[in-house]
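Student: based on what follows, work out the 3D shape:
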Amino acid sequence: MPAPVFPFASAAIFALLAVGQAQALLEAGLVHERARRFDQAAASYEAALARAPDLVAARDRLGFVRGQQGRTADALREFEAAVRLRPDYFDAQYHLGATQWWVGNVDEAHAALEAAVRLAPDHAEARYYLALTLKKKGDVLGAVRHLRRVIAASPDLAPALLHLGIALKELGDPRAAVDVLRRAVALQPHVTDAQNALGLALMDAGIGEEAVSTFRALLAAHPTDTSARHNLGSALLHQGDLDAAITVYRELVRAAPENAEAFYNLAMALKQKDDFAGALLELQRAVALDPSLHDAHYALGVVLWQTGRADEAMAAFRAAIARKPDLADAHYMLGTILRQQGRTDDALTAFREAIRLRPGAAEGHLSLGQILQQQGDRAGAAAAFAEAQRLQRQKGDAQAGAFAASTAAGKLKRGDVAGAIDGFREAVRLDPQNAHAHLQLAGALQRAGRPAEARGAFAEAQRLAPWLEMPGPRS
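Tutor: Purely as a prediction, here's the structure:
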């Protein structure tokens, strides 16, 4: 009597055997991969997938190995297949997002990394890459929030500290950037990007001498670092050491005669020394080397105007605007020349555009008011003059507030907590928009044992600058 046939049972058994073989091949591939035998690893993963095409771990590891072999398109194809099989498979989402980031597909990277972080919120590297994609897309504040979480989980992750420092500087908070970038440099003193970023933040924070010494130390270790030499010149210029800045820039243009930015920077230093002929020559070289350099066209216009060549200056300002239409200073200077030439209607248009682009600049409102007064528009002129006066008063109050905050910080350092609190309160009264003064007030109140008031001050600081963090408790 023939044996009974159970086709479905046989198919199930063969399927189980195939899965078991695939799993064994996957494990063999992992052994090869750990030993960096990528060809053998790939062969094992492909054999596993031939037996079990839905084995997502093998698909993901094959993608990883293809990436290690430099076969990026193949890697992406495997990661995408893995994600289609299992959208909830973290490794595939993370590997897909990171690879998309490295090849420049920012939107695709963002989508995959968002999914990865939802699946594993505590995975520092996935969150780090997500922060990079957000920053690339212009969401600097979102990047800062993610980078802070990365650093909370991995305090010594130097690349995260570097990118956090750069982001804080972009948000207009160089003091916070300096604190973060010091940590990045301490962890990786050999990384030139971190040292350059620290020097630039020091400059913006008004700590010029340390910025100069940072760039000098960097150049001593890396004499061919062009960025550091540019930055050293800028720091010296910022400090008012014009001769030293000119020396640095002349070295740069000799070493890199095709570098338009070097000629532009040299021109700016010469202009500050009132060497208009020298500045004009270097600016002409800069725009010849790089016609897209809008700052050079603008500076050329200023020098031409200062030397009495108004028509040529106007052409330079128009060239700057053509390359950067939102350059408010160029519109303002164009309006100034048009007004001097008696072309008041054209000047009025230029001044209005300058104000639209930068409404907080008092000089635009003042010039607008003068033209409106000249045209007999008393009400319009009065409104423009009033706004100019308000902005000038606001600027003066901000300067007084910054001085009051600096004085209060000195008192706090000496242990006069009550005096510091009074000083910080005066600072925020003078300049309610000074987020750091509110933050310093919060720290002083916390130190005085007044936590409720400290939380209120910090809430206002964070409303003005959402990236700020509450000061730690101090004795």
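
Student: CA atoms for contacts and neighbours, from now on please.
Tutor: Fine.

Student: following the strand or helix carrying G443, which helix or strand comes up?
Tutor: According to DSSP states H and E, G443 maps onto helix 435-447. Downstream of helix 435-447, the next assigned helix or strand under DSSP H and E is helix 451-464.

Student: tell me what angle that next one forms with helix 435-447.
Tutor: Computed by axes from the mean of the first three to the mean of the last three CA atoms, to 10 degrees, the angle separating helix 451-464 from helix 435-447 equals 160 degrees.

Student: gap between helix 451-464 and the chain center?
Tutor: Centre-to-centre, helix 451-464 and its host chain are 26 Å apart (CA atoms, centre = their mean, to the nearest Å).

Student: equivalent analysis for stretch 195-205, please.
Tutor: Mean C-alpha position of stretch 195-205 versus that of the full chain (CA atoms, centre = their mean) differs by 13 Å.

Student: one step back: packing partners of the helix holding G443?
Tutor: helix 378-413, helix 417-430, helix 451-464 (3 or more CA pairs under 8 Å, 6 or more residues apart in numbering; DSSP states H and E).

Student: which of those sits closest to A176?
Tutor: Proximity to A176 (CA to CA) singles out helix 451-464 among the helices and strands packed on helix 435-447, at 13.4 Å.

Student: before we move on, the earlier item: want to throw the helices and strands packed on helix 435-447 into a markdown table with distance to L132, mean neighbour count and mean pLDDT?
Tutor: Formatted as a markdown table, the helices and strands packed on helix 435-447 follow (distance: least, CA to CA, whole Å; neighbours: other CA atoms under 10 Å; pLDDT from 0 to 100):
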| stretch | distance to L132 | mean neighbour count | mean pLDDT |
| --- | --- | --- | --- |
| helix 378-413 | 33 | 18 | 95 |
| helix 417-430 | 34 | 21 | 95 |
| helix 451-464 | 23 | 19 | 93 |
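
Student: and P155, which of the ones you listed is closest to it?
Tutor: In terms of CA to CA, the element of these nearest to P155 is helix 451-464, at 22.6 Å.

Student: where does this structure dip in pLDDT?
Tutor: By pLDDT under 70, the weakly predicted segments of the chain are 1-19, 471-475.

Student: circling back to that earlier point, take the helices and strands packed on helix 435-447 and write them to TSV, including distance to V178.
Tutor: Output for the helices and strands packed on helix 435-447, formatted as TSV (distance: least, CA to CA, whole Å):
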stretch	distance to V178
helix 378-413	17
helix 417-430	22
helix 451-464	19
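
Student: which one of those helices lies nearest to H32?
Tutor: helix 451-464 (51.1 Å).

Student: related to what we said a few turns ago, and of the helices and strands packed on helix 435-447, who's closest to G208?
Tutor: Comparison of the helices and strands packed on helix 435-447 against G208 by CA to CA identifies helix 378-413 as nearest, at 16.8 Å.

Student: who does that closest one touch, helix- and strand-wise?
Tutor: With contacts defined as 3+ CA pairs under 8 Å, 6+ apart, helix 378-413 has these neighbours: helix 362-374, helix 417-430, helix 435-447.

Student: give the contact list for the nearest residue to D225 once chain neighbours are set aside.
Tutor: With sequence-adjacent residues excluded and distances taken as CA to CA, 6 or more residues apart in numbering, D225 is closest to L219, at 6.6 Å. For L219, the contacting residues are D225, A228, R229, by CA atoms under 8 Å, 6 or more residues apart in numbering.

Student: list the contacts for the last one?
Tutor: With CA under 8 Å, 6+ apart as the criterion, the residues that contact R229 are F215, L219, V248, Y249, L252.

Student: mind checking how far it is from I207?
Tutor: Remark: distance between R229 and I207 (CA to CA, to the nearest Å) = 18 Å.

Student: again, but for K413
Tutor: 18 Å.

Student: again with E363
Tutor: To I207, E363 is 29 Å away according to CA to CA.

Student: with T72 instead?
Tutor: Distance, T72 to I207, using CA to CA: 44 Å.

Student: and what of I321?
Tutor: Taken as CA to CA, the span from I321 to I207 is 33 Å.

Student: the more surrounded of the two?
Tutor: Between I321 and I207, I321 has the larger neighbour count (other CA atoms under 10 Å), namely 21 against 17.

Student: what about V253, how many residues close to it?
Tutor: Neighbours of V253 (other CA under 10 Å): 19.

Student: for the helix or strand harbouring it, packing partners?
Tutor: V253 belongs to helix 242-255 when assigned by DSSP H and E. Packing contacts for helix 242-255, counted by 3+ CA pairs under 8 Å, 6+ apart, involve helix 226-239, helix 260-272.

Student: which stretch among those comes nearest G301?
Tutor: With CA to CA as the criterion, G301 lies closest to helix 260-272 of those, at 12.3 Å.

Student: now do that closest one and helix 226-239, the angle between them.
Tutor: Per the same axes, to 10 degrees, the angle that helix 260-272 makes with helix 226-239 is 10 degrees.
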